[in-house]
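J.: sequence below, structure please.
(4 chains, ligands or ions: 4)
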Amino acid sequence: MREITLSKAVNEAIAEEMRRDPTTFLIGEDVAEAGTPFKVLSGLVEEFGTERVIDTPIAEPGFMGIAVGAALTGSRPIVDLMFGDFIFLIMDQLCNQAAKACYMSGGKLNVPLVLRTNLGATRRSAAQHSQSLHALVAHIPGLKVALPSSAYEAKGLMKTAIRDNNPVVIFEDKLMYQEKALVPEEEFLIPFGEANVKREGTDITLIGTSSMVQVAEAAAEQLASEGISAEVIDPRTIVPLDEATLLESVRKTSRAIVIDEGHQSFGTTAEIASRLNEKAFYHLDAPVLRMGAMDVPVPFSPALEDITVPTAEGVADNARKLCAGEMIHAA
Amino acid sequence: MREITLSKAVNEAIAEEMRRDPTTFLIGEDVAEAGTPFKVLSGLVEEFGTERVIDTPIAEPGFMGIAVGAALTGSRPIVDLMFGDFIFLIMDQLCNQAAKACYMSGGKLNVPLVLRTNLGATRRSAAQHSQSLHALVAHIPGLKVALPSSAYEAKGLMKTAIRDNNPVVIFEDKLMYQEKALVPEEEFLIPFGEANVKREGTDITLIGTSSMVQVAEAAAEQLASEGISAEVIDPRTIVPLDEATLLESVRKTSRAIVIDEGHQSFGTTAEIASRLNEKAFYHLDAPVLRMGAMDVPVPFSPALEDITVPTAEGVADNARKLCAGEMIHAA
Amino acid sequence: MAKKTNTEDYLRMYRQMVRIRAFEDNANQLYLSAKMPGLTHMYSGQEAVAVGICDALEATDKITSTHRGHGHCVAKGAEFKQMFCELLGKEEGYCRGKGGSMHIADQENGNLGANAIVGGSMGIATGAALSAKLAKTGDVAVCFFGDGATAQGLWYEVMNMAALWHLPVIYACENNGYSEYTRTDEIAAGSLTARAEAFGIEAHKVDGQDVLAVNELTERLIARARKGEGPFFLELATYRYHGHHVGDINREYYRSKDEESEWKENRDPILNFGVWLTGEGIVSEEELAEIRAGIRADAEAAVAYALEAAYPDVSEVDMHVYAPNDAA
Amino acid sequence: MAKKTNTEDYLRMYRQMVRIRAFEDNANQLYLSAKMPGLTHMYSGQEAVAVGICDALEATDKITSTHRGHGHCVAKGAEFKQMFCELLGKEEGYCRGKGGSMHIADQENGNLGANAIVGGSMGIATGAALSAKLAKTGDVAVCFFGDGATAQGLWYEVMNMAALWHLPVIYACENNGYSEYTRTDEIAAGSLTARAEAFGIEAHKVDGQDVLAVNELTERLIARARKGEGPFFLELATYRYHGHHVGDINREYYRSKDEESEWKENRDPILNFGVWLTGEGIVSEEELAEIRAGIRADAEAAVAYALEAAYPDVSEVDMHVYAPNDAA
Ligand SMILES: Cc1ncc(C[n+]2csc(CCOP(=O)(O)OP(=O)(O)O)c2C)c(N)n1
Ligand SMILES: Cc1ncc(C[n+]2csc(CCOP(=O)(O)OP(=O)(O)O)c2C)c(N)n1
Ligand SMILES: [Mg+2]
Ligand SMILES: [Mg+2]
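T.: Ligands and ions are numbered 1, 2, ... in the order given. You can find the predicted model right below:
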């Protein structure tokens, strides 16, 4: 195994799958020569040519619609959406068209399409370039949603996404593009719907998604030094969601915190917490705690932005209280 | 008091507010002579003229953007979006622009705008004309979300929405347009963030939104005849959410079901259930149960469509089980 | 009218137009007799557009259709039985009853589906053309949409890309003079053909009531599109006989009865084509009457079948949300 | 170049162009010295567009701006201090630090804000024009956007409505030849002016490096727009001197150094205007040098101030999500 960046891992995954399947192609803004602003796709146009690495005008609804049509007719497009915030522009094509074509046609049509985009604040990019909007997409039946938490995950999940016969939305964490992890040289795929137990523990379960997996791990490390044993789980995909693994953990630890970088209200933490409460209620010693991003647009000022997102200290602090039987919300 | 339809109630609310404030105007497709396909706005163009009741081309992102600009510059637009499903087309203008302008400008700008649209299935309108998408909007800070459950509610909430200095999205239940309720002749407003306890009870709390309030009431009626006393609450607005009233009820009854016509996963029921679990955990005798619409695109066939939405029988059935201490999910 | 080469070509087009009309008359009847769930949008009056265009296509060519989509579906090769079953939400429908009128798709004949989002299929058709170009299949895609749909920004986005990339797609705008209850000139500034031309796209206006004119122009453009000379834009002047949907009965506040009868009496695509066919001596009026009667009988039989057909089992409700993946 | 009536008019425009350049040079320096959070997009090279247009506007007229918005902001009347404070996320910034470079708004001077969604403000500007028309204020709105933004469907939707309703809005496309790392001709088919004309909108092309030409044309069109003769479209040929954003340093893969120096050396709007002013005897080069030095000093002082200024208190983080409602 060698260490590579998340950026490189995504690049490799796409290159391998494009070699494997000639019906795949990439489409988006500045994906070819520029290799995207984050340089994630550098080199692909040199290998696959401009026929399969297609630069578009700044027309997100348009190229998303084109990708849906291509996917309905034998191609397997990988759509590059430069910032997750632009998903608002393509919701109709994604949610009214791509997500529903299979169902509305009684299974006759299908849309094998990957939408790769990103999430994450604290980059000083302000309210329209910092959102984590995966919960919106997860609400729409017909879409699958993957949230890689490292270079390793990004590679394995991307390859699975490209082979999936359905529309899959992958949100990469922009802050992680330059972060390295061990990634096997040999081919591997990570199946959807199988959570990853990153660290075993007995006192509390910390469920983190995407960027928040590291936060959960750092909190667990801190807690360990204080004698609290935290289990850390990365669901990897929130649709499909590996309820079984999460429930098993929570039934063991009796306590849980769900940590996610999307806005807390009506977000991912609500769904996961609800399922745990519903199905592990009688095993819980304390309510499942949610820690999402604050319910405010992401502020530009560094003095404000950093406090909108959950931190390892905040998680550790809450975990400590839960384990000590303190109530976090006035009940 | 007289009985009027929900359609008439909305019409009256808008007419009264347009008379009161000359900066208000209506904008949307076929809102003028046609008075919308549901005929909700009939007669308004005759009173206010085509300057203030503005027919647009079929360009939802365009007229939504225009409304945002008008709202930023002294007007108070009421935007008519013919079907709630079209909200996917205007998400960028609604969520990246309208919702964030106040915050991004440090409070200098604001967007006093009402987006009126609808929700609700079982009208045989299939997957692109039947969705209940309020949870998506509720996830975005800066927007308020109202869900009227009767003609009375529709009138009072609409008037409050029009006077609010922020973007408010009102989802009317399409199936209720011809339903009548008692509505006072005198002017009244219904404040946001104050839930309505529709029926008092002691054994279980049924929280229903929009179309599901009647479902909850019918279930409560049925349960009463069996000796189970159900409290029924209509939150009226889900942003802001009147947590206090919901918590008070649940602390009293120790059991709750949340019923909503949006897809269950990552939806409104998840948020409400999570808050109750978090903050009333130690008062609960059973997990808060969620009943949303099935996680499938809305099917056309009557044989399938009706089973995708919660029914009074389904609610009563679950309430019975919860009260009998039966577990609903294998735990 | 321009000429086809042989009688069978003419009769095929005549038959298809009559089939559409018969389908719609029966669908309207199902609505009026409260046997159809929901609403539907009648294509009657516009038959020459769907037939003139689709007759120029191969089965592997793709079309995308609209909320007013029965005509496109029939013209592209669909059968009455599965169509009526779909309209009634029955299991034997093209979409197992899950789509209904506004989502009929018939992918075996290259119909990628009706769409209930006005303009919603403009990207899809363009993407089908991209697939064809990448896979070098030689297929073309035709995107049907109404005059009202030209207000959707999506069209300009995809026209730009289609033009830049020379995609084999034809944008076919059926200008029936109205979008819902509003006249086209109230909602469309400037000129529709100029809008396409501004992107460097060749644009044509054609009489959408003249099936031969539509067909002849389409054949030429399709041939050129297959050679990479596309995209093209067609504005087809036409008229819908019924209301916006079957429930739109009192419509004098937005259009006059005189206007309606003018089109129905003097510009009917089926009547006029029939007159031409008999005038040219290609076929007799008796033969045409026989064709019409046969088709009417077929349609009624299909309706009767569909009314008796079974609904999908409730267990189907959560099937087809996702397509299966091959075992790894 | 066309003529203004008096020296003060000329000098005001010269000063504003120099102020923009000075602002950008300092902003770039803040980035290079790692004192600025995030990235920003430099307006240098395009000054004649913002100044030529905004000088034709009243304070109550509205503009909408873009990600490359510092020039519009300065030209519409903003002060250095609050602008630098905003760029650094400080409490005294125009948006209390919450917006940053991409969201600076200055509503007192009619700037409705920069926008980080390309094309995102096209509806907003059109809506401001609708407000002006409904309230009969006589105000106009100018929508600034780049060549890349013409690919967004929203533009066509709002042009259609602006044309139908004769709204007092001017769509000002700053064609600087690139969107990010891509040449305009690779992403724009046909002709930009033809796209506006297709909606019946009068369109003009103008040299965006010639502040007097821009100003003279804008004044004429604004006067007509106030009388209800709008909307109008302007395509302004211009160039950005820096990379797409401050971090875009190695850009030879998409544009040559030769091309850059050609514009900087021969087509600089400030240099050329200075030469013209002195050539016409309106002002001496010494006076211009003094103006430039004074502005540079102002800018540096504002930077120094902003660097020392306070961040907003953390308690502000959940303020301004909603505007307050008046007590009932
Ligand atoms: C995005 C969207 N907006 C509005 C509607 C409602 N609607 C359905 S059909 C229609 C009119 C369409 O007019 P046109 O495109 O001319 O087609 P026609 O009905 O005349 O065939 C409208 C507004 C819709 N289905 N989708
Ligand atoms: C909707 C959207 N898509 C993509 C981007 C990323 N982006 C920012 S600026 C830009 C290029 C804009 O080009 P142009 O409109 O010509 O303006 P310029 O940068 O040349 O001033 C792009 C693609 C964005 N901010 N918003
Ligand atoms: Mg029409
Ligand atoms: Mg540009």
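J.: not counting sequence-adjacent ones, nearest residue to the residue of the stretch 51-200 of chain C found nearest ligand 2?
T.: As assessed by Cβ to the nearest ligand atom, ligand 2 sits closest to C:Glu157 within the stretch 51-200 of chain C, at 11.3 Å. Bear in mind the C-beta positions are built from the backbone N, C-alpha and C, glycine included. Sequence neighbours aside, A:Gly62 is the residue nearest to C:Glu157 in space, at 2.8 Å (criterion: Cβ to Cβ, 6 or more residues apart in numbering or on different chains).
J.: which SSE is that neighbour in?
T.: Per DSSP states H and E: A:Gly62 is located in helix A:60-71.
J.: ok, the closest residue to C:Gln46 other than its chain neighbours - how many residues close by?
T.: Spatial nearest neighbour of C:Gln46, chain neighbours left out: C:Thr238 (4.7 Å); criterion: Cβ to Cβ, 6+ apart. Neighbours of C:Thr238 under the rule other Cβ atoms under 10 Å in any protein chain shown: 27.
J.: by proximity to ligand 3, which residue of chain C wins?
T.: C:Gly146 (3.6 Å; Cβ to the ion).
J.: now the closest residue to A:Lys144 other than its chain neighbours, which residues is it bridged with?
T.: Closest residue in space to A:Lys144, ignoring its immediate chain neighbours: A:Val168 at 4.5 Å, by Cβ to Cβ, 6+ apart. Per DSSP bridges, the residues bridged to A:Val168 are A:Val114, A:Lys144.
J.: and the residue nearest to A:Glu47 when sequence neighbours are not counted, how far is that from ligand 1?
T.: Excluding the flanking residues, the one nearest A:Glu47 by Cβ to Cβ, 6+ apart is A:Ala15, at 6.6 Å. With distances taken as Cβ to the nearest ligand atom, to the nearest Å, A:Ala15 is found 38 Å from ligand 1.
J.: do C:His166 as well
T.: Counting by Cβ to the nearest ligand atom, the gap from C:His166 to ligand 1 is 26 Å.
J.: quick one: C:Ile222 and C:Ala141 touch, right?
T.: No. Between C:Ile222 and C:Ala141 no contact is recorded; they are 10.4 Å apart, counting by Cβ atoms under 8 Å.
J.: C:Ile295 and C:Leu277: what is the separation?
T.: The gap separating C:Ile295 from C:Leu277 is 15 Å, by Cβ to Cβ, to the nearest Å.
J.: for A:Val183, that is, sorry about that
T.: 70 Å.
J.: rewinding a little: so which helix or strand takes in the residue of the stretch 51-200 of chain C closest to ligand 2?
T.: helix C:153-165.
J.: show residues contacting the following helix or strand past that helix.
T.: Going down the chain from helix C:153-165, the next helix or strand is strand C:169-175, by DSSP H and E. The contact list for strand C:169-175 (Cβ atoms under 8 Å, 6 or more residues apart in numbering or on different chains) reads C:46, C:49, C:53, C:68, C:122, C:125-126, C:128-129, C:140-147, C:149-150, C:155, C:159, C:162, C:184, C:192, C:196, C:201, C:208, C:218, C:221-222, C:225, C:230-238.
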